[in-house]
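Student: just to be clear, the model below is a prediction. Sequence and coordinates:
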Amino acid sequence: MLKIKFNDTKISVPNSWADICLADYERWFMNLPQDKAEYVRLIADICKVDTDWLLNSPSQLLDAISDAVQFIFEPDFEPATKINIEGVDYFISSEDKITLGEWIDADEVFSSDSETKSSEILAIVCRPAGENYNVETAKKRREMFSNLSCDKVLPLLTFFLHRKKESEAILAHYS
């Protein structure tokens, strides 16, 4: 975490994925900024400072913070199918092993207005080997996943994006 002190205000600026938890990432990137004002609000939220305070600061401060958080706008992770959390390996369920209950719950998450879709999906499809899907366990695990740092969970989400690209390429080939 990069620490900046400006006019008696201390600012904590994330400068790596390890500095950001999935819950914050989900909140910040449900909607990408469409203009400069939204971008300033996003940067203020990332640094946990008041937007008006940032707007009244020199533009060089915003430039310095923007440079530090640039990694957020260019994620680059290798897909992963497992994660170790407190000594326990959690695996993404393979497509052919997903139960009807998982499909239904995942479909409900995708069609919802939830701002925590990534955490919810991981809680549904990612669990220790041999463990059966349980709705109550998934609800409890959502918070566990949302509190993990992005350097740990984004490779799992990249796995899903990679699978989607593969599926689209196969469909395009057969079209």
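Tutor: Thanks, I have it.

Student: switch to C-alpha atoms for all contacts and neighbour counts from now on
Tutor: Noted.

Student: would you map the helices across this structure?
Tutor: Under the criterion DSSP state H, the chain contains helices at 22-28, 36-47, 51-55, 59-68, 100-111, 117-125, 135-146, 150-174.

Student: please work out which of those is packed deepest.
Tutor: Comparing those by mean neighbour count (mean count of other C-alpha atoms under 10 Å), helix 117-125 ranks first with a mean of 23.

Student: show me what that helix packs onto, helices and strands only.
Tutor: Counting by 3 or more C-alpha pairs under 8 Å, 6 or more residues apart in numbering; DSSP states H and E, the packing neighbours recorded for helix 117-125 are helix 22-28, strand 88-92, helix 100-111, helix 135-146.

Student: quick one: closest of these to I11.
Tutor: Of all the helices and strands packed on helix 117-125, helix 22-28 sits nearest to I11, with 16.5 Å by C-alpha to C-alpha.

Student: give me the residues contacting that closest one.
Tutor: 42, 45-46, 115-119, 145-150, 153 (C-alpha atoms under 8 Å, 6 or more residues apart in numbering).

Student: could you export the helices and strands packed on helix 117-125 as a markdown table, including mean pLDDT?
Tutor: Output for those, formatted as a markdown table (pLDDT from 0 to 100):
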| stretch | mean pLDDT |
| --- | --- |
| helix 22-28 | 89 |
| strand 88-92 | 92 |
| helix 100-111 | 88 |
| helix 135-146 | 92 |
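
Student: now render these as TSV, adding distance to D52.
Tutor: Converted to TSV, the helices and strands packed on helix 117-125 look like this (distance: least, C-alpha to C-alpha, whole Å):
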stretch	distance to D52
helix 22-28	18
strand 88-92	42
helix 100-111	34
helix 135-146	28
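
Student: who wins for proximity to S93 among the helices of the chain?
Tutor: With respect to S93, and counting by C-alpha to C-alpha, the nearest of the helices of the chain is helix 117-125 at 5.4 Å.

Student: could you give the angle of the closest one to helix 100-111?
Tutor: Counting by axes from the mean of the first three to the mean of the last three C-alpha atoms, to 10 degrees, helix 117-125 lies at 180 degrees to helix 100-111.

Student: quick one: mean pLDDT for helix 117-125?
Tutor: Helix 117-125 carries an average pLDDT of 90.

Student: give me the contact list for that helix.
Tutor: Helix 117-125 has contacts (C-alpha under 8 Å, 6+ apart) with 22-23, 26, 91-93, 98, 102, 105-106, 109-110, 133, 135, 138-139, 141-143, 145-146, 157.
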